[in-house]
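Student: give me a model of this one.
(one chain, ligands or ions: 1)
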Amino acid sequence: MNHSEKSILNLPKFNNPLYCNEYLVDGVLHEWKGETSEVYSTIHSKDKDGVIGPTLLGSIPDMETEPAIAALTAAEKSYNRGQGVWPTMKVKDRLRCLTTFADKMKSYREQVVELLMWEIGKNKVDSYKEFDRTVDYIYDTVEAYKKLDRKSAKFDKQSGIHAHIRRGPIGVVLCLGPYNYPLNETFCLLIPAIIMGNTAIFKPAKHGVLLITPLLKAFQESFPAGVVNILFGRGRKIASPIMETGKVDVLALIGHSSSAVALQDLHPYKNRLRLVLGLEAKNPGIILPDADLDSTIKECISGTLSYNGQRCTALKVLYVHESIVDEFNKRFSEAVDALKFGLPWEEDVFLTPLPEPGKPAYIQGLIKDAISKGAKVMNKRGGELSVNYSFPAVLYPVNDQMSVYHEEQFGPVVPIISYSDINEPLDAMAASDYGQQVSLFGRDVRKLAPLIDVLANLVCRVNLNSACQRGPDVYPFTGRKNSAVGTLSVFDALRSFSIRTFLAAKDTPYNNEILDSLMDSKESNFVNTEYLL
Ligand code: G3H
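Tutor: Numbering: from 1, shown residues only. Alright, predicted model coming up:
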């Protein structure tokens, strides 16, 4: 029995369809009376008439431009050109709102995790991890902001000028997240954006959207009106018209560079628009002749195929030294074929259904193209097709004539290239449009040292004998070239969503007296030397 027959025999049931007809604008949960879009899972089940097909999970509003512009107006009003309650609020009061939200969010853990599994096919362990990591991210961000605030709770003096330097908000943020981490990556933009005093409009990704709806009330109850506005629908009816107004100060997007460029192009005031972008990547694994193959294969499996390779940080091409490539291919292919495919909630499942209905066909296209140009599928199960999956195919030898060499496959296919001279992968990386991370596998320090020196200039994180990854979230997450704009981490994100701004005063008895009483009076939320515990 192949896995497609098996998944049809064990048909699951989705018990809690969610028909969301609300959206959050200006602190009000508005009822949506217009068109709605049905949300389906690619996981098959029987519908009420007994017909087997993609599972209906619920629906979301398919919103029009008018309410989107109303959300922008609400965010603008709340920011009020920097004069609003939120951007001028005491830091500790803003932090309290964030903590309230995180506390409330925790009670939706089971519901959100269930939706993560059905909507985007993420396995149970990783779905819980995504939820918990996001809650931790909020608390960690609160602590990081306190630290930042403590550092700013002072005056500097240079060349006879006193300065009280802080980081201030930028304005209205349009926040768009990806489907592979619909909760975590979106909140890694939204949370630092608002904590710094900006206001936001947030539209969830196409997949992984229903799981946001249980949190609408928590957002409404935790923040002043207009600080967080949440819309549902298509980018062209919502995000594009918002950008065209020229009133967005920060575009915060994790997704594809083509979307980021298209949205930037719509903004009439280019220098007003700040960018915080996490984009695509083609992270390579480089396997040196002396690499320990047991641990290398383990890391390459998780690097290439955890969450089916649908991670921007996934290893998307492996360069293996020619002296070990046969042995590597054999053992790696066996390890791939041993991976368990199943429904996200099944025990020990590693491979799960792909949430994009067209993805299996796309992956098959990459495989066919590579085969027609000389590659072979090295593993027995490679390319086995089912309704919602294409079993990971290990392709070798891959060359630059093949689409899989250039495209970010974002799915279960692993291209392998052998090299004789280390400059081959280095030159390929230098010529690539991307520059996020690399995994380097080897032991000999004399070989590793000069390589690390070069690789650090080609990407932004060199993972030694380990898979590429974003976490831990306190470490900088960024990329060169078309892979990112700005840096995210618990700490760096606070910087990305703010700007340095300060009070300066000449060191004169007249000014000093004023500064003294300004501090004593505690009248200013900006000028204060209070130590936040
Ligand atoms: O899609 C890209 C994510 O940022 C990857 O995060 O490395 O923790 O899976 P991760």
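Student: what's the first helix or strand after the lowest-mean-pLDDT helix or strand in the chain?
Tutor: One helix or strand of the chain scores below all others by mean pLDDT, DSSP states H and E: helix 3-9, with a mean of 48. Next along the chain after helix 3-9, taking DSSP states H and E as the criterion, comes strand 18-19.
Student: could you point out the helix or strand that follows that following strand?
Tutor: strand 22-25.
Student: which strands and helices sit next to that next one?
Tutor: On a contact count with 3 or more CB pairs under 8 Å, 6 or more residues apart in numbering; DSSP states H and E, strand 22-25 meets strand 28-31, helix 65-79, helix 216-222, strand 228-230. (C-beta placed from N, C-alpha, C; glycine too.)
Student: CA atoms only for that strand, dumped as PDB, please.
Tutor: C-alpha atoms of strand 22-25 as PDB (Å, rounded to 0.1, in the frame of the first residue of the first chain):
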ATOM      1  CA  GLU A  22     -15.200  39.700  11.800                       C
ATOM      2  CA  TYR A  23     -12.200  42.000  11.300                       C
ATOM      3  CA  LEU A  24     -10.500  44.400  13.700                       C
ATOM      4  CA  VAL A  25     -10.400  48.100  12.800                       C
END
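Student: other residues contacting it?
Tutor: Residues outside strand 22-25 that contact it (CB atoms under 8 Å, 6 or more residues apart in numbering) are 29-32, 61, 63, 67, 70-71, 74, 213, 216, 219-220, 226, 228-232.
Student: which residue ranges form the strands in the stretch 251-400 of the chain?
Tutor: 274-278, 283-287, 315-321, 376-377, 385-386, 389-390, 393-396 (DSSP state E, counting those that start in this stretch).
Student: then the stretch 101-250 of the chain?
Tutor: Applying DSSP E, counting those that start in this stretch to the stretch 101-250 of the chain gives strands spanning 156-158, 161-168, 172-176, 199-203, 228-230, 250-254.
Student: among the helices and strands packed on strand 22-25, which is the most enclosed?
Tutor: strand 228-230 (a mean of 28; mean count of other CB atoms under 10 Å).
Student: how about the residues of the stretch 101-250 of the chain by the ligand?
Tutor: Contacts of the stretch 101-250 of the chain with the ligand, taken as CB under 6 Å from any ligand atom, map to Asn180, Tyr181, Glu185.
Student: got a winner among the residues you listed for most neighbours?
Tutor: Each of these was scored for neighbours by other CB atoms under 10 Å, and Tyr181 scores highest at 27 neighbours.
Student: please name the nearest non-neighbouring residue to it.
Tutor: Glu130 (6.3 Å; CB to CB, 6 or more residues apart in numbering).
Student: I figured the one you found hits Leu183, correct?
Tutor: Yes. Using CB atoms under 8 Å, Glu130 makes contact with Leu183 at a distance of 5.7 Å.
Student: excluding covalently adjacent residues, which one is nearest to Met105?
Tutor: Per CB to CB, 6+ apart, closest to Met105 is Ala218, 5.5 Å.
Student: check contacts around Arg461.
Tutor: Applying CB under 8 Å, 6+ apart, the residues near Arg461 are Gln436, Gln437, Val438, Cys468, Tyr475, Pro476.
Student: mind checking pLDDT for whichever residue of the stretch 51-200 of the chain sits closest to the ligand?
Tutor: Distances between the stretch 51-200 of the chain and the ligand by CB to the nearest ligand atom are smallest at Asn180, namely 5.1 Å. For Asn180, the model assigns a pLDDT of 97.
Student: got the contact list for it?
Tutor: Asn180 makes contact with Ile120, Gly208, Tyr307, Gln310, Arg311, Cys312, Phe410, according to CB under 8 Å, 6+ apart.
Student: state the distance from it to Glu513.
Tutor: Distance of Asn180 to Glu513, computed by CB to CB, to the nearest Å: 57 Å.
Student: write out the residues of the stretch 401-533 of the chain neighbouring the ligand.
Tutor: With CB under 6 Å from any ligand atom as the criterion, the stretch 401-533 of the chain meets the ligand at residues Gln469, Arg470, Gly471.
Student: the second one contacts Phe477, correct?
Tutor: Yes. With contact taken as CB under 8 Å, Arg470 and Phe477 are classed as touching, separated by 4.9 Å.
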